[in-house]
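Q: Predicted model, plus sequence, below.
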Amino acid sequence: MAQLIAKGAEADLLLNPDWNGLKALIKVRKEKKYRHPELDKEIRRSRTLFEANILHRVKAAGVPAPLVYQVDPEKATIVMEYIEGTKVRDVIKDLSEQEKIDMFHEIGVKAGQMHRGGIIHGDLTTSNMIKTEKGVVFIDFGLGEVSSEVEKRGVDLNLLHRMLTSTHYEYTDTLFTAFTEGYIECFNGEAEDALDRMREIEKRGRYIERE
Amino acid sequence: MRMVRQICLGIESTADNLGIGIADTEGNILANIITTHVPEEGGIHPREAARHHAEVVGDTITKALDKAEITSRDLSFIAFSQGPGLGPSLRTGATAARALAAYLKIPLVGVNHCIAHIEVGRLATGSDDPLTLYVSGGNTIVTAYESGRYRIFGETLDIAMGKCLDTFAREAGLPYPGGPAVEQLALKGEKLIPLPYVVKGMDLSYSGLLTAIIQEYRKGTHSLEDLCFSMQETAYAMLGEVTERALAHTGKPEVLLTGGVGANKRLREIVGEIAEEHGAVSNYVPIRLATDNGAMIAWTGVVAYLRGVRTPIETSFIDSNWRLDKVEIPWRS
């Protein structure tokens, strides 16, 4: 029997230890009563389809992600591989300086590969990265997009940077510098454009100190 | 030792409102007079707004002192909104504040306008540690206190919610500000017209929605009621989603809705449902304290002053880009 393991803001996550012999995660996008029913249905349906599609594509870019076992857009449900590990968000504080740098370098490399492969994550936060024995795995592509636009890459990076500033404020610079190095390393040429755009997007925000 | 009651006069002048508020160190709001510059056409013209503020500031201060039944000699210090906002408006308020402080020989306290919205909201509702959703003509921010500062978890990537409503309202010939007029018409709307729903993590974007709704309006195929209904349903659902994400992320026990757009009943309903779902208490700031006003500046001046914050006149420059997460919050640490 599937068991509820997490209630996210958007979806319930259930674990089925024996889904046709596989340990599977079932992601159900919950109905939101505060949204107009038509709008709600469309948002849940399209995000479910998109996520399944992107989970497939991101692997083609060489970035590990959960395997998709089954998709039901009408019920806004995806059955996928269960990734064993801990959220990056929760492990950061227990890591040494060097381990932090190494992990964010690796995250940078993977984000670079993902962007190079034409995938935008859409919610690149440390809660959506799982530290496993074999390295970091990105999850939750629910707000993802297929795009190679510099603008969208910049928004993706801006989100991560903002997240590091609000939640991991003690080490924002260390983490982001390591990330940037990894990102540039595997994505040379275009990485700088995306990073420049990120800085530009930051300045578009409200009340940013301008030079 | 019993603390001697002290009184602060606060000047708000970040945009089209010139507000004078008076608060004391016991948490009483003694006066809150708001005057608004209404442009003859179009949106706020910064220079015209500043001219309006300069014209009315003297009389408004007198009115506030009368309302509080005190004289200027009863004041212990002066607070003013130092940013963020429109430069000319801010400079006008700051000039009045400096003059008053220098004349009365009392201290001056510069206050961040966004922080003031949160602090007066906490005072007015009794909310202790809320996730704040601050939605107005100039700001759309999801913020909460964490280790010495208010951290911004989500915000608009382009225009503010209120700006989106105002610009559409102007295009559709509705009165300014746009929120109340759109809300009234939306009550009679039924059909949901698809509009861009843009949430990126905990951030959101309204510029695409504004462009799309103006295009739909110009096409003339939908009733204005349906357009307003669809705009509210889409825009407020976006706010609901980022609020829900931030609530799940921070685990705060309360939600505080403030800013002028916070008066909207549909938005309140959405925020209330989300808070309930997450076991949090929702609080709504009364409109006179949720819109731009002087009382919030006076009260935030009080809490800052009591923790030693002073702004010498020589360094009391305004900062029109002063982000709220740059401000140290000693009174909560």
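A: Perfect, I can see it now. Quick caveat, the model's predicted, so the values are computed rather than measured. Numbers count the residues shown, from 1 in each chain, chains lettered A, B, ... in the order given.
Q: Let me know whether the longest helix seen in chain A sits next to chain B.
A: For chain A, the longest helix by residue count, based on DSSP state H, is helix A:37-60. Yes: against chain B, helix A:37-60 shows contacts by CB under 8 Å from any CB of the partner chain at A:38, A:39, A:40, A:42, A:43. C-beta coordinates here come from the backbone N, C-alpha and C atoms, glycine included.
Q: now the residues you listed in JSON lines, with distance to residue B:262, pLDDT and neighbour count?
A: Listed next are the residues of helix A:37-60 next to chain B as JSON lines, based on distance: CB to CB, whole Å; pLDDT from 0 to 100; neighbours: other CB atoms under 10 Å in any protein chain shown:
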{"residue": "A:38", "distance to residue B:262": "26", "pLDDT": "96", "neighbour count": "12"}
{"residue": "A:39", "distance to residue B:262": "22", "pLDDT": "96", "neighbour count": "18"}
{"residue": "A:40", "distance to residue B:262": "23", "pLDDT": "97", "neighbour count": "19"}
{"residue": "A:42", "distance to residue B:262": "27", "pLDDT": "95", "neighbour count": "15"}
{"residue": "A:43", "distance to residue B:262": "24", "pLDDT": "94", "neighbour count": "20"}
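Q: Could you list which residues are in contact with the closest residue to residue A:117 other than its chain neighbours?
A: Among residues not flanking residue A:117 along the chain, residue A:61 sits closest, at 2.3 Å (CB to CB, 6 or more residues apart in numbering or on different chains). By CB atoms under 8 Å, 6 or more residues apart in numbering or on different chains, the contact set of residue A:61 is A:113, A:114, A:116, A:117, A:118, A:119.
Q: Okay, and which of those residues map to strands?
A: residue A:119 (DSSP state E).
Q: Make a markdown table from the contacts of residue A:61 and add neighbour count and pLDDT to it.
A: Formatted as a markdown table, the contacts of residue A:61 follow (neighbours: other CB atoms under 10 Å in any protein chain shown; pLDDT from 0 to 100):
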| residue | neighbour count | pLDDT |
| --- | --- | --- |
| A:113 | 18 | 95 |
| A:114 | 27 | 96 |
| A:116 | 19 | 94 |
| A:117 | 17 | 93 |
| A:118 | 16 | 94 |
| A:119 | 29 | 95 |
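Q: between the contacts of residue A:61, which is nearest chain B?
A: For these, the minimum distance to chain B (CB to the nearest CB) is 14.8 Å, reached by residue A:119.
Q: Counting neighbours, what do you get for the nearest residue to the closest one once chain neighbours are set aside?
A: In space, and not counting its chain neighbours, residue A:119 is closest to residue A:58: 5.0 Å by CB to CB, 6+ apart. Applying other CB atoms under 10 Å in any protein chain shown, we find 24 residues neighbouring residue A:58.
Q: Residue A:58 reaches residue A:117, doesn't it?
A: Yes: Residue A:58 is within contact range of residue A:117, at 6.9 Å (criterion: CB atoms under 8 Å).
Q: Pull up the residues of chain A that are close to chain B.
A: A:8-10, A:32-36, A:38-40, A:42-43, A:122-125, A:127, A:143, A:155, A:159, A:162-163, A:165-167, A:169, A:201, A:204-210.
Q: Of the residues you listed, keep whichever come out buried.
A: Buried residues within the residues of chain A next to chain B, defined by neighbour count using 16 or more other CB atoms under 10 Å in any protein chain shown: A:8-10, A:32, A:34-36, A:39-40, A:43, A:122-125, A:127, A:143, A:155, A:159, A:162-163, A:166-167, A:201, A:205-207.
Q: So which of the residues you listed are in strands?
A: Per DSSP E, the subset of these in strands is empty.
Q: Check the offset of the helix or strand harbouring residue B:302 from the chain's centre.
A: According to DSSP states H and E, residue B:302 maps onto helix B:294-306. Chain-centre distance of helix B:294-306: 15 Å, with CA atoms, centre = their mean, to the nearest Å.
Q: All the helices of chain B, residue numbers only.
A: Using DSSP H, helices in chain B cover B:46-68, B:87-104, B:113-125, B:161-171, B:178-186, B:207-219, B:224-250, B:265-277, B:287-290, B:294-306.
Q: And those helices: which comes nearest residue B:26?
A: helix B:294-306 (9.2 Å; CB to CB).
Q: residues near residue B:196, how many?
A: Residues lying near residue B:196 (other CB under 10 Å) number 15.
Q: my read: it touches residue B:210, true?
A: No: between residue B:196 and residue B:210 there is no contact under CB under 8 Å: 9.2 Å.
Q: Closest to the centroid, which residue in the chain?
A: You didn't pick a chain, so chain A it is. residue A:124 (4.0 Å; CA atoms, centre = their mean).
Q: The intended chain is chain B.
A: Closest-to-mean residue, chain B, CA atoms, centre = their mean: residue B:259 / 4.0 Å.
Q: Spatially, and excluding backbone neighbours, which residue is closest to that one.
A: residue B:136 is the one closest to residue B:259 (CB to CB, 6+ apart), at 3.4 Å.
Q: which residues does that neighbour contact?
A: The contact partners of residue B:136, by CB under 8 Å, 6+ apart, come to B:117, B:160, B:161, B:162, B:259, B:260, B:261, B:262, B:291, B:292.
Q: Could you identify the most distant pair in those?
A: Pairwise distances across those peak at 15.0 Å for B:161 and B:292 (criterion: CB to CB).
Q: For the lowest-mean-pLDDT helix or strand in chain B, report the contacting residues that lie outside it.
A: Scoring the helices and strands of chain B by mean pLDDT, DSSP states H and E places strand B:199-200 at the bottom, with a mean of 86. Applying CB under 8 Å, 6+ apart, the contact partners of strand B:199-200 are A:122, A:123, A:143, A:155, A:159, B:157, B:238, B:241, B:242.
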